[in-house]
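In: pasting the sequence and the predicted model now:
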Amino acid sequence: MYYVGIDIAKSFHVVSVIDDNETKVINKPFKINNDLKGFEKLLTILDSVTLEKDDFLIGIEATGIYGENLLEFLKSKGYSVKLLNPFQTSRYREQITMKKVKNDNIDSLVIALFLKDGKYSSGYVTDDEYQSLRTLYRNRASIQADMKEVKKRILTQITVTFPEFESFTNPFTISGLALLEKYPTAHHYKHSSVDRIMKVFSHIQGNNFNKDKALRLLELSRESIYSGKAKDARAIAIRSTIRLLKMYLSELDIIEAEIVALLDKKGINSQTLDELPTKNSLIENLKTIPGVSDKTIAAVISECGDLTRFPSIPKFIGYLGLFPTENSSGNSKSVGHLSKRGSSLVKHALYLSATSCLIHNKQMKQLYDTKRSQGKSKKEGLVAVSRKLATIIYSIFKYNTPYNPNRVFTN
């Protein structure tokens, strides 16, 4: 058997090949470009070793998206490719080198040796629909992160140009943005009136802005501490940033609609549940959990894939990293913060869902209250609820049954 370790980078990859005796079949690690010619170069070199594809075991670290095309290419050519956990390969590297040494050549050789020792646990490669959902959800998270930065820029400007405005209303509501676009600074209210302010809301349905509020806003603008310095330039900056924020909001709506459509599509499903009716009953069953939204479901499924691949709930919880760190020695034992392992996107989604459950799910509220009565902090209580939510989602996904609190919460 020949073991091929590939260290992945953006523009090129480094490859090492060894045999059962840990002898380098190719004298030294070699580079291949991250393009079709590079992939074909790898095939040529492997063919020079042997034409039997079954004699190769190839390892790639799951360190990001840069290795995706090479992995799919090699699988399409009939090679056995293992996606390796970078945490495991890092520990293995330290074990065999006895020091924290890292470069492309060493990394590719370490991966090959790791494969040969057989101590690895193979990573999970999602199918096309799970990958589509993951791509959309991560893009949504990226847009939200960008929106936070844009909002910070608007707030920074308002702090100078109309600091009293933020106490009057939320700048990022429909009404707040409409006012900022029309009157970006306190000085822009100078020639305004109650009637003119009310006209801003003539096209906004469902708003509760009235003349008393308009009068109060005028008073605040006249009492504002803003000096008026660079008011026109700052107005341009604020309006420009608001347009950018609205663009992000529009894109977010599109992405979220696509996520919902993909969730509703028959096929986002466990491989053991292929014979479902046209309406995706699995997703519908997940939606029966009070306090759990489409976004939470999308976060869990997009980042974790087919949940039935986890043999047990503890394995799933461990994958998510929903457990505290522990440091024990002799008779001493200390429990630390929540583990940093797992997807931060899933943890965040479950945490937000846990806060929603305190309002919409009486069983979860009872669990939270119990934890609080035991002396746990608010955050620890919400983490406990998040963990319980994860177990419920896992069970519903595995058995494809609606939420039943009598089964979940037993005395």
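Out: Received it, and whenever you're ready, just let me know what you need.
In: list the contacts of the residue nearest the centre of the chain.
Out: Most central residue of the chain, judged by C-alpha distance to the mean C-alpha position with Cα atoms, centre = their mean, is L345 at 3.2 Å. With contact set as Cβ atoms under 8 Å, 6 or more residues apart in numbering, L345 has these partners: Y137, R138, A141, A299, E303. For the C-beta atoms, the positions are set from N, CA and C on the backbone; glycine is no exception.
In: in stretch 285-295, what counts as buried?
Out: Of all the residues in stretch 285-295, those buried under the rule 16 or more other Cβ atoms under 10 Å are N285, L286, K287, I289, G291, V292, K295.
In: and these, which is closest to N34?
Out: Distances from N34 to the buried residues of stretch 285-295, taken as Cβ to Cβ, are shortest for K295 (33.6 Å).
In: next, count neighbours for S250.
Out: Applying the criterion other Cβ atoms under 10 Å, we find 10 residues in the vicinity of S250.
In: the residue nearest to the centre of the chain and G291, how far apart?
Out: In this structure, L345 lies at 18 Å from G291, with Cβ to Cβ, to the nearest Å as the measure.
In: give the rounded mean pLDDT of stretch 319-339.
Out: Per-residue pLDDT values over stretch 319-339 give a mean of 60.
In: where exactly do the strands run in this structure?
Out: In order along the chain, the chain carries the following strands (DSSP state E): 2-8, 12-18, 30-33, 56-61, 80-84, 324-329, 332-338.
In: how far away from the center of its chain is stretch 227-242?
Out: For stretch 227-242, the distance between its averaged C-alpha position and the chain's averaged C-alpha position is 35 Å (Cα atoms, centre = their mean, to the nearest Å).
In: same question for stretch 377-393.
Out: In terms of Cα atoms, centre = their mean, the centre of stretch 377-393 is found 18 Å from the chain centre.
In: other residues contacting that stretch?
Out: Applying Cβ under 8 Å, 6+ apart, the set of residues contacting stretch 377-393 from outside is 286, 289, 292, 296-297, 300, 307, 313, 316-317, 320, 322-323, 338, 347, 350-351, 353-355, 357-358, 364, 367-368, 371-372, 376, 403, 408.
In: mind doing that once more with 7 Å?
Out: Stretch 377-393 is touched from outside by 286, 289, 292, 300, 313, 316-317, 320, 322, 338, 350-351, 353-355, 357, 364, 367-368, 371-372, 403, 408, with contacts defined as Cβ atoms under 7 Å, 6 or more residues apart in numbering.
In: then stretch 289-304?
Out: Contacts to stretch 289-304, defined as Cβ under 7 Å, 6+ apart, come from residues 130, 133-134, 137, 259-260, 263, 268, 283, 286-287, 319, 343, 345-346, 349-350, 353, 356-357, 360-361, 364, 389, 392-393, 403.
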